[in-house]
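>>> Below: sequence and its predicted model.
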Amino acid sequence: SFTVLVQPKWAPRGADRFLQLVKEGYYDECRFFRVLPGFMAQWGISSDPAQNTKWRKKKIPDDPNVGRSNARRTVTFATSGGDSRTTQLFVNFGDNSRLDEQGFTPFGEVVEGMDTVDAIYSGYGEQPNQEMIQKRGIEYLSKHYPKLTYIVTARVVE
């Protein structure tokens, strides 16, 4: 297991969205579908296609960067451009400060269990098709990518 300490002062909108999704159980059974050693591990497409449909268009505005860099252990929402964050996020394996000026603002950091994060299965690289995960969820992933590491349950601990 691993623990993410959410830092609302770093990225209040990102922190709020993450906590909302955790409380709703969105990340339960989520696979780490894009894992690039030395760079990052990405997750946040639900194993349930109905959940993906519900959340896919619920974008949140960018958070301004307040000086916190994409360093090892930090957790950041993935983005495809300005104001496009939804549910996908990643944990940085190393210094990815080059992402800071591209709108990738960390909202938390792994404070326990980074050894678990480092051990996330990376054998598929970028192979899983994100569109297929969105549409077919666990059916697609289990059949084609059975070795993916996944989150059993994500919970808020006060």
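Everything's here; your move.
>>> My guess is residue 69 contacts residue 100. True?
Yes: applying CB atoms under 8 Å as the test, residue 69 and residue 100 come out as touching, 5.4 Å apart. All C-beta atoms are positioned from the backbone trio N, CA, C, and that covers glycine.
>>> From residue 43, how far off is the residue of the chain most remote from its centre?
What lies farthest from the middle of the chain is residue 143; by CA atoms, centre = their mean that is 22.1 Å. As judged by CB to CB, to the nearest Å, residue 143 and residue 43 stand 19 Å apart.
>>> Ok, residue 9 next?
Taking CB to CB, one finds residue 9 at 24 Å from residue 43.
>>> hang on, the earlier thing: what's the helix or strand for the residue farthest from the centre of the chain?
Using DSSP states H and E, residue 143 sits within helix 138-144.
>>> Name the residues of that helix that are buried.
Buried residues in helix 138-144, counted by 16 or more other CB atoms under 10 Å: 138, 140, 141.
>>> can you check stretch 89-105 too?
Applying 16+ other CB under 10 Å to stretch 89-105 flags 89, 90, 91, 92, 93, 96, 99, 100, 103, 104, 105 as buried.
>>> Check the burial of residue 62 by counting its neighbours.
Neighbour count of residue 62, defined by other CB atoms under 10 Å: 19.
>>> Phi first, then psi, for it.
phi -60, psi 150 (degrees, to the nearest 10).
>>> How about the contacts made by it?
Going by CB atoms under 8 Å, 6 or more residues apart in numbering, residue 62 touches 13, 79, 82, 83, 85, 103, 105.
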